[in-house]
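Colleague: mind folding the following:
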Amino acid sequence: MNKFYKGLLLATLASAGTFGSQYEALAQVQSYTYSARIAASSDDAEEAASGKMYLNSSDIELVYDDHENAGNQTVGFRYQGVGIPANAVITKAYLQFAVDELNSAAANLLIKGQAADNAADFTTATHNISSRALTTAGVNWAPAPWTTLNQAGAAQATPELKTIVQEIVSRPGWQFGNALSLIITGTGRRNAHAFDGSAGMAPQLVIEFQSDKMPEPVTNVTCDPASSSTIGCFTSVKPVGQTQLMTIPTETHTFQLIAKTGQTQYTSGGTGTIPGNNDFTAFVGKNGSSKEGYLSINHENSPGGVSMLDLSLNEKTMLWEVNEVKKVDFSPVVQTVRNCSGGITPWGTVITSEETTNSGDANGDGYQDVGWQVEIDPATGKIVDYDGDGKPDKLWALGRMNHENAAIGADGVTVYQAEDGGSSSVYKFIANTKGNLSEGTLYVLKRDNSTATTGTWVVVPNTTKAERNNTGSLAASVGGTNWSNPEDIEFGPDGKMYFTAKGTGIIWRFKDNGTSVSEIEAWVTPKMYPVTHKAGVQNENWGTGIDNLTFDGEGNLWALQDGGRNNLWVVYPDHTPEKPSLKLFMTTPSGSESTGLTFSPDFRYGFISLQHPSSGNTATYTDAAGNPVQFNRDVTLVFARKEFLGAEAVVPTFELGQDLTLCEGDSAMLTAYEGTDAVVKWTGAALAEEVEGAALTVKAPGMYYATAYGNNGRTYTDSLEVSVEKLAVDLGYRIPLCNKCTVTLDAGADYSSYLWSNGATTQTLTVNTPGTYSVEVTSANGCKATGSVEVIKKNGNGNDLVPVKLIQVYPSPFVESTTIKISMPEQAAVVLEVHDMKGKIVQTLFKGTMKVGDHNFEFKPATPSGNGIYLVRFQVNNQKSTTKIVQSEK
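Modeller: Got it, this is the predicted structure:
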């Protein structure tokens, strides 16, 4: 799909509760969230200290690289087509990484931006990143340890980068759609996934901003269901109407049963199973997670209710697991009835909407008991207490009516509502305090005339209990427009508000200008639409009854129908009444309607309910967990593309096995994932470059990492350490043997078996005759080594000693000092001197009688560092040797 404007585009009003000239000037300012991952191989680039460029690495080292050209790198991240207008006000910005390799050592990084109006591509030209001009603004980052592979959480997110981004978009030449680059330098190491290693986990840039200039409209939306991984990319199902089964595009998508009436048991707050008429199905991620959170399920009954599920994604099976099912207690507010749709607040609570105005004040508090919005904390399952009296409250200030849903703005003060019945009006509420919906001003939308594209917001009296109890009639009395059963209202990704009128089947949209609205438009109207499915093209009647609306991350509008043939449609951003652009995602089981769709924050998972299906639906549909599902009672489901749910989404796991020890000179074959649905890539310090393939032959010591990259975008990494056992048997050198004496040769105690040249199999061998003796040793790992020694007849004067065989020098070349080792098999007269190249004695290390054994001498020239050549002259009795040693610069 062409890049739309990912993220929700939420209206932000500049003033709460007052409409003055200052508000008018700011009323068109909107809040947006831009989110994009690296989109090309060359857009996450590394520059070695030498200036050499790497454009196609499978991972990104931030910033130390221990491979070729080891050292601290300069790393660049370029984001194309950034949809931020010039001079937008940046309110938040950060980079989100995902862990490719575990690192816990300290790292200190500096993040800056490229000071450019439109950042150019990274190329292979030397120093292509470090040569770029940088922003004045910069941010230091000392990331916490990265201890979990593939994790992309708070520890992998940079600190606030808004000053850097602000400097870039405020440049005179910045334009909507330009490219932006961020550049990181520093010390230490954190390894993150790169585009070439895992495009779905590539570095992600998230920017929140405000602007009065709307993003350019989408004019063409296309996608390939076979290659795209977005939830709104699919081939339409055939419009077959209702059967005993639900139909979805099974070529690309699958579903899993989460809860079912009469089957799913409460674990707290109540007993028995959850009731029926499942409606609003609100997923709230824990700390913004898309893999664990709460699922709030409305029950549109009399009395009504809400079930709160705690659930999480098992990343081994790629199935959702329900950990707790809690019944929300409404007795502190008397009761709740016909819980229809609702909303999710920016602060993570859930609002459930009561779609009836039954009369009664059982607790005598002056408020009618039913017909309100109710806010619930999903973590506790309790209704919010706003006045601090220890008792929960309904949201009285939002008015009493036949509530359908609530759309809460990112500003924390703006709420849009629609009344399904009664006044059939559209409302806006401006809270007095951000994040507190207990007090504020309520407005109703008044269209200038029945065909006008403009309208105004009119205040609805809403301060006394009597006024709040009668919101619907008061709204009608001040001129609120009747839209024929408006249902869901949502923030659109183009800054407009979208709502559906169930009675007419129209999806309306308008632009909110503060005190007024404009561009009122019947965006989708009831008529026959061509549906292109895999078997052909068939016209399907849109009909009436569009009930719930939900936008996904690509700006597609999911429209759930309660009426007609109860279809679930997806309307694409380039849709116009003249040139329709929509698809059919689901046909529902007999007797049912789809309700309450919400998405996970990453828009991979959709949570939805099927309400009141026919009890006669006996056919079964196998879900992603392999369980047969009958649609004969209310069910709540999660659906997703197959890449992210069920067996086809499972991580390509494998085991490299235990760490391995090789004998010196031997090799071994390591085998990772061998399935055809994944590609394996090997990395490690012993490898000059990344190696691709299921198997790898190794002979060098070190850590080896194998990562399987599944066709579904999932990855799995295992590691193994290879050690090389180097055996060396030291029996000594030319051991002297006196008359009538014996010598014991010792091969060492670290071996499991021994074989001497005379057939002995012990660690030691005692000999009494001169000759050459050898031994073969075998370690516990099966590695072998041999050693030999010459036992000579001792004459006592050392005349047969050969000096060159008795001396070792290490290291050579050396920088500051070197060691000279003399190994004496017998006592003898020794002179050990170091000469310069002119023959002058630089240092006399020993002169006299040297005893049997090893003797070490350090030679350290007076000049600590420099280039020089020296001669080590070693004399034993009358025999001499000369060894050349070299000193080099650092």
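Colleague: in a helix, that's where Ser473 is, yeah?
Modeller: Yes. Assessed with DSSP: H, G, I helix; E, B strand; the rest coil, Ser473 lies in a helix.
Colleague: residues in contact with stretch 663-675?
Modeller: Identification of contacts with stretch 663-675 by C-beta atoms under 8 Å, 6 or more residues apart in numbering yields 652-654, 656, 660, 662, 680, 682, 694-699, 704, 706, 708, 716, 718, 720, 722, 724-727, 781-784. C-beta: built from backbone N, CA, C; applies to glycine.
Colleague: which ones among those map onto helices?
Modeller: In helices, defined here by DSSP state H, there are no members of the contacts of stretch 663-675.
Colleague: which SS class is Leu549?
Modeller: Three-state call for Leu549 (three-state DSSP): strand.
Colleague: for it, which non-adjacent residue is spatially closest?
Modeller: Asp488 (4.3 Å; C-beta to C-beta, 6 or more residues apart in numbering).
Colleague: contacts for the host helix or strand of the one you found, please.
Modeller: Under the criterion of DSSP states H and E, Asp488 resides in strand 486-491. Strand 486-491 is contacted from outside by 8-11, 341, 404-405, 407, 409, 416-420, 424-426, 497-502, 508, 546-551, 557, using C-beta under 8 Å, 6+ apart.
Colleague: swap in 7 Å and give it another go.
Modeller: Contacts to strand 486-491, defined as C-beta atoms under 7 Å, 6 or more residues apart in numbering, come from residues 8-11, 341, 404-405, 407, 409, 416-420, 424, 426, 497-502, 547-551.
Colleague: how about stretch 195-207?
Modeller: For stretch 195-207, contacts defined as C-beta under 7 Å, 6+ apart pick out 34-38, 40-41, 43-44, 56-59, 77, 79, 84, 90, 93-98, 100, 150, 152, 165, 192-194, 229, 709, 713, 715.
Colleague: buried ones among those?
Modeller: Among these, those classed as buried by 16 or more other C-beta atoms under 10 Å are 34-38, 41, 43-44, 57-59, 77, 79, 84, 90, 93-98, 100, 150, 152, 165, 192-194, 229, 709, 713, 715.
Colleague: that older thread, and the strand holding Asp488, average pLDDT?
Modeller: Averaged over strand 486-491, pLDDT sits at 96.
Colleague: quick one: end-to-end length of stretch 667-679, please.
Modeller: From its first residue to its last, stretch 667-679 covers 23 Å (C-alpha to C-alpha, to the nearest Å).
Colleague: repeat for stretch 730-743
Modeller: 15 Å.
Colleague: now do that stretch: distance to the chain's middle.
Modeller: From the chain centre to the centre of stretch 730-743 is a distance of 69 Å (C-alpha atoms, centre = their mean, to the nearest Å).
Colleague: would you confirm that Asn87 belongs to a helix?
Modeller: No. Using three-state DSSP, the assignment for Asn87 is coil, not a helix.
Colleague: ok, it - contacts?
Modeller: Going by C-beta under 7 Å, 6+ apart, Asn87 touches Val169, Ser170.
Colleague: where's Gln166, which helix or strand?
Modeller: Counting by DSSP H and E, Gln166 is found in helix 162-169.
Colleague: list the contacts of the following helix or strand past that helix.
Modeller: Once helix 162-169 ends, the next helix or strand along the chain (criterion: DSSP H and E) is strand 180-187. With C-beta under 7 Å, 6+ apart as the test, strand 180-187 has contacts from 62-64, 72, 74-79, 82, 95, 107-114, 119, 129, 132, 134, 164, 168.
Colleague: which among the residues you listed end up buried?
Modeller: With burial judged by 16+ other C-beta under 10 Å, the buried subset of the contacts of strand 180-187 is 62-64, 72, 74-79, 82, 95, 107, 109, 111-114, 119, 129, 132, 134, 164, 168.
Colleague: filter those residues down to just the ones in strands.
Modeller: 62-64, 72, 74-79, 95, 109, 111-114, 134 (DSSP state E).
Colleague: measure Asn462 to Trp558 for me?
Modeller: Noted for Asn462: a distance of 32 Å to Trp558, by C-beta to C-beta, to the nearest Å.
Colleague: now Lys840
Modeller: Between Lys840 and Trp558 the distance, using C-beta to C-beta, works out to 92 Å.
Colleague: cool, and Thr778?
Modeller: According to C-beta to C-beta, Thr778 and Trp558 sit 70 Å apart.
Colleague: among the two, which residue is more densely surrounded?
Modeller: Using other C-beta atoms under 10 Å, the more surrounded residue of Thr778 and Trp558 is Trp558, with 24 against 15.
Colleague: excluding chain neighbours, what is closest to the more buried one?
Modeller: Thr550 (4.6 Å).
Colleague: quick check, the one you found in contact with Thr595.
Modeller: No. Applying C-beta atoms under 7 Å, one finds Thr550 not in contact with Thr595, separated by 10.9 Å.
Colleague: between the two, tell me which one has more neighbours.
Modeller: Neighbour count, other C-beta under 10 Å: between Thr550 and Thr595, Thr595 has more, with 26 against 18.
Colleague: surely that one and Ser609 touch.
Modeller: Yes. Using C-beta under 7 Å, Thr595 is in contact with Ser609, at 4.8 Å.
Colleague: any common contacting residues for those two?
Modeller: Listed as contacting both Thr595 and Ser609 by C-beta under 7 Å, 6+ apart are Asn278, Asp279.
Colleague: okay but Pro85 is in contact with Gln210, surely?
Modeller: No. Checked against C-beta under 7 Å, the pair Pro85 and Gln210 is beyond contact range at 10.2 Å.
Colleague: out of the contacts of strand 486-491, which are inside helices?
Modeller: For these, not one is inside helices, with DSSP H as the criterion.
Colleague: are we agreed that Gly787 is in a strand?
Modeller: Yes. Gly787: assigned to a strand according to three-state DSSP.
Colleague: tell me which residues touch it, please.
Modeller: Val729, Asp730, Leu731, Ala747, Ser774, Val775.
Colleague: domains of this structure?
Modeller: Following the TED database, one finds the domains of the chain at 30-211, 267-641, 660-725, 802-889.
Colleague: what would those look like in CSV with distance to Thr235?
Modeller: Formatted as CSV, these follow (distance: least, C-beta to C-beta, whole Å):
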stretch, distance to Thr235
domain 30-211, 22
domain 267-641, 5
domain 660-725, 19
domain 802-889, 69
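Colleague: for Gln256, which of these is the nearest?
Modeller: The closest of the domains of the chain to Gln256 is domain 267-641. By C-beta to C-beta, the value is 4.4 Å.
Colleague: which secondary structure element is home to the most centrally placed residue in the chain?
Modeller: In the chain, the residue lying closest to the centroid (C-alpha atoms, centre = their mean) is Ala152, at 3.7 Å. Ala152 is part of no helix or strand when elements are defined by DSSP H and E.
Colleague: list the contacts for the spatially closest residue to it that is not a sequence neighbour?
Modeller: Take Ala152 and drop its neighbours on the chain: the residue closest to it by C-beta to C-beta, 6+ apart is Ala98, 4.0 Å away. Shown in contact with Ala98 (C-beta under 7 Å, 6+ apart): Asn150, Gln151, Ala152, Gln156, Ala192, His193, Met201.
Colleague: let's see which of those end up in strands.
Modeller: Among the contacts of Ala98, the members falling in strands (DSSP E) are Ala192, His193.
Colleague: reformat the contacts of Ala98 as TSV; add pLDDT and distance to Val815.
Modeller: Output for these, formatted as TSV (pLDDT from 0 to 100; distance: C-beta to C-beta, whole Å):
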residue	pLDDT	distance to Val815
Asn150	86	43
Gln151	91	43
Ala152	89	45
Gln156	95	41
Ala192	94	37
His193	92	40
Met201	82	44
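Colleague: between the contacts of Ala98, which sits nearest Val876?
Modeller: Among these, and counting by C-beta to C-beta, the member closest to Val876 is Ala192, at 61.3 Å.
Colleague: and the nearest residue to Ala142 once chain neighbours are set aside, how far from Asp44?
Modeller: Leaving out its chain neighbours, the residue that sits closest to Ala142 by C-beta to C-beta, 6+ apart is Asn108, at 5.4 Å. Distance, Asn108 to Asp44, by C-beta to C-beta: 21 Å.
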